[in-house]
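1. attaching a predicted model along with its sequence, questions to come.
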Amino acid sequence: NAGVTQTPKFRVLKTGQSMTLLCAQDMNHEYMYWYRQDPGMGLRLIHYSVGEGTTAKGEVPDGYNVSRLKKQNFLLGLESAAPSQTSVYFCASSQTGNEQFFGPGTRLTVL
Amino acid sequence: EDQVTQSPEALRLQEGESSSLNCSYTVSGLRGLFWYRQDPGKGPEFLFTLYSAGEEKEKERLKATLTKKESFLHITAPKPEDSATYLCAVPDAGGTSYGKLTFGQGTILTVHP
């Protein structure tokens, strides 16, 4: 089992560009999450999903959109990237909402 | 608003020197407290879940304990491979949390040989 995988691992964008981060899990988990991790701010929840076709806002959702068309995939989109979105992005999945399994992260730089 | 505070921010130990990390929280109706380990450049890895005051969990050199206001992660005779950032987190209070967690900022542990 690969667990939770994230694509890409690194990305550099210019302000205003758009991109999509892909998260895939092979554990048949119901819940999936997108976090960002910044120095001094810790891990903060952006959006989450409690099942295929559902999404909900987390703590810091502004500037991001998500979709969960398939149970195993959770996409995070940035429509118009800003320097404030420079961060490390982590995806996680969970069957119960308790123990969460994290992916390896995507390091995004917005210039 | 739920708050999770970890201390110290950084801790340097010599191999074999036992110590404890602290996680204090302000949340009504605690429904669990989670400990994760994060190695540099990697995602957090789940360690423990504690649900009620007095509960203890152990894994190798790590033991997590929980009181009504805080949790401790005790590290006994640490080794260099225990060096990592240790994170604690609590679920949102009220209703169904759906696994929405509030994380502390972590304690960076360095164990020197």
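-> Happy to help now that I have it. Predicted model, so just to flag it, every value in this text is computed and none were measured.
2. what residues does chain A have near chain B?
-> Chain A has residues A:4, A:31, A:33, A:40-45, A:48, A:50, A:56, A:58, A:90, A:92, A:94, A:96-105 near chain B, with proximity defined as Cβ under 8 Å from any Cβ of the partner chain. The way it works is simple: take the backbone N, C-alpha and C, and place the C-beta from them, glycine included.
3. please name the nearest non-neighbouring residue to residue 46.
-> You didn't pick a chain, so chain A it is. Nearest non-adjacent residue to residue A:46, counting by Cβ to Cβ, 6 or more residues apart in numbering or on different chains: residue A:34, 4.4 Å away.
4. other chain: chain B
-> Nearest to residue B:46 is residue A:99, by Cβ to Cβ, 6+ apart, at 4.9 Å.
5. which SS state does that neighbour fall under?
-> coil (DSSP: H, G, I helix; E, B strand; the rest coil).
6. that one: what's it in contact with?
-> Each residue near residue A:99 by Cβ atoms under 8 Å, 6 or more residues apart in numbering or on different chains is listed here: B:34, B:46, B:49.
7. just among the residues you listed, which is most surrounded?
-> The most neighbours of any of those, using other Cβ atoms under 10 Å in any protein chain shown, belong to residue B:34, which has 24 neighbours.
8. what's downstream of the host helix or strand of residue A:20, the next helix or strand?
-> Here residue A:20 sits within strand A:19-25, counting by DSSP states H and E. Beyond strand A:19-25 on the C-terminal side, the first helix or strand identified by DSSP H and E is strand A:31-38.
9. roughly how far does the residue nearest to residue A:46 sit from chain B?
-> Noted for residue A:34: a distance of 12 Å to chain B, by Cβ to the nearest Cβ, to the nearest Å.
10. ok, that residue - contacts?
-> Residue A:34 neighbours (Cβ under 8 Å, 6+ apart): A:21, A:23, A:45-48, A:58, A:64, A:66, A:74, A:76, A:89-91.
11. of the residues you listed, grab the buried ones for ChimeraX.
-> Buried subset of these, written as a ChimeraX selection, criterion 16 or more other Cβ atoms under 10 Å in any protein chain shown:
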select /A:21,23,45,46,47,48,58,64,66,74,76,89,90,91
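12. among the contacts of residue A:34, which ones are in helices?
-> Taking DSSP state H, every one of these sits outside helices.
13. and the contacts of residue A:34, which is closest to residue B:20?
-> Nearest to residue B:20 among these, counting by Cβ to Cβ, is residue A:90 at 26.7 Å.
14. next structured bit after the lowest-mean-pLDDT helix or strand in chain B?
-> Here the helix or strand of chain B ranked lowest by mean pLDDT, DSSP states H and E is strand B:101-103, holding a mean of 90. On the C-terminal side of strand B:101-103, the closest following helix or strand by DSSP H and E is strand B:107-112.
15. dump the C-alpha coordinates for stretch B:18-29 into PDB.
-> Provided in PDB are the C-alpha atoms of stretch B:18-29 (Å, rounded to 0.1, in the frame of the first residue of the first chain):
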ATOM      1  CA  SER B  18      15.200  11.300  30.000                       C
ATOM      2  CA  SER B  19      12.800  14.300  29.800                       C
ATOM      3  CA  SER B  20       9.200  15.300  29.100                       C
ATOM      4  CA  LEU B  21       7.300  17.400  26.600                       C
ATOM      5  CA  ASN B  22       4.200  19.300  27.500                       C
ATOM      6  CA  CYS B  23       0.900  20.000  25.700                       C
ATOM      7  CA  SER B  24      -1.700  22.100  27.400                       C
ATOM      8  CA  TYR B  25      -5.100  22.700  26.000                       C
ATOM      9  CA  THR B  26      -8.200  24.900  26.600                       C
ATOM     10  CA  VAL B  27     -11.100  23.000  25.100                       C
ATOM     11  CA  SER B  28     -14.400  22.200  26.700                       C
ATOM     12  CA  GLY B  29     -15.500  18.600  26.500                       C
END
